[in-house]
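Visitor: any chance you could fold what I've pasted below:
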Amino acid sequence: MSILNGSVFMPSVLTLLGIPGLESMQCWIGIPFCVMYFIAVIGNSLILVIIKYESSLHKPMYIFLAMLGATDIALSTCILPKMLGIFWFHLSEISFTACLLQMWLVHSFQAIESGVLLAMALDRYVAICDPLRHATIFSQQLLTHLGVGVTLRAAILVAPSIVLIKCRLKLYRTTLVSHSYCEHMAIVKLATEDIQINKTYGLFVAFTVLGFDIIFITLSYVHIFITVFQLPQKEARLKAFNTCIAHICVFLQFYLLAFFSFFTHRFGSHIPPYVHILLSDLYLLVPPFLNPIVYGVKTKQIRDHVLKIFFSKKSS
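Guide: Below you'll find the predicted structure:
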């Protein structure tokens, strides 16, 4: 690593500052973040175990839920241990290669989660709008293809942004990253040249993944609501609607946080930087934390098995 006119040439180590402006509070901020992380890991792991060992839950709806739970565990684990190391132990240094790996994993898992939510919406669309063909359409082969496709889409779309940073950004104004994890734009803004192509590609990936998915999820639920309201019996309408409530809650919390964080970063220049960083952190931590709670409360099959586990332990 060498210094050229005050710039750093291809740094080997970066320093994550955490939440600049809230340094004195980072120790306390880490406590609720840690609680959310443990609830996310325990809750999603519990759902995974229940789905794995309960044969009656080996259906597309619950398989997609298992995919979502595994993605949530991986996503929160990518950032929180390092984040707590910064907040509590001042372990702020990270190698440039490890930073790029974290960036790739974080943004890939975000895209995977969005893809799984789209698959869940399509599953509910077929189950409600064309129930007689649901078992035929959502076969085991299709589920495998969807899982592989969602993962490959995320990995392939995000990878070029890492390559662009590694190959095109050589000079950096500083090695101090004003963020609590290796976020794409936080790294790109450190460079002194060739940053526009990285910004443009980042926007392209965001709109390609989130924009595409939210459009088709919205269209799916528009058709679902039209079909539900056309059902002749009130009981049938309520039953169909209740199967979608948990999914709708999960969709809203994920995409509302995503777009709120995105737009405040791009257009909220008057907002203090620590607000942007907190929103980014919450965007990655809140969905994994809330998803198992939402599905545990609103999905009867999951709720019954959770109660059965704890009731059996208490009885024994």
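
Visitor: quick one: contacts for the residue positioned nearest the centre of the chain?
Guide: Among the residues of the chain, the one closest to the centroid is Gln110, at 3.7 Å (Cα atoms, centre = their mean). Counting by Cβ atoms under 8 Å, 6 or more residues apart in numbering, Gln110 makes contact with 75, 154, 209, 258, 284. Bear in mind the C-beta positions are built from the backbone N, C-alpha and C, glycine included.

Visitor: which members of the residues you listed occur in helices, if any?
Guide: 75, 154, 258, 284 (DSSP state H).

Visitor: can you list these in a markdown table and add pLDDT, distance to Asn291 and neighbour count?
Guide: Shown next, in a markdown table, are these (pLDDT from 0 to 100; distance: Cβ to Cβ, whole Å; neighbours: other Cβ atoms under 10 Å):
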| residue | pLDDT | distance to Asn291 | neighbour count |
| --- | --- | --- | --- |
| Leu75 | 95 | 11 | 23 |
| Ala154 | 95 | 18 | 23 |
| Ala258 | 82 | 14 | 20 |
| Leu284 | 92 | 13 | 25 |
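
Visitor: shaky segments in the stretch 51-200 of the chain?
Guide: Low-confidence segments of the stretch 51-200 of the chain (pLDDT under 70): 194.

Visitor: how about the helices in it?
Guide: Assigned by DSSP state H, counting those that start in this stretch, the stretch 51-200 of the chain shows helices spanning 60-89, 96-129, 134-137, 140-168, 184-188, 196-206.

Visitor: to Met25, which of these lies closest?
Guide: Checking the helices of the stretch 51-200 of the chain against Met25 by Cβ to Cβ gives helix 60-89 as the closest, at 9.3 Å.

Visitor: quick one on the thing from earlier: export the helices of the stretch 51-200 of the chain to JSON lines and tack on distance to Ser220?
Guide: Output for those, formatted as JSON lines (distance: least, Cβ to Cβ, whole Å):
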{"stretch": "helix 60-89", "distance to Ser220": "13"}
{"stretch": "helix 96-129", "distance to Ser220": "4"}
{"stretch": "helix 134-137", "distance to Ser220": "14"}
{"stretch": "helix 140-168", "distance to Ser220": "14"}
{"stretch": "helix 184-188", "distance to Ser220": "29"}
{"stretch": "helix 196-206", "distance to Ser220": "21"}
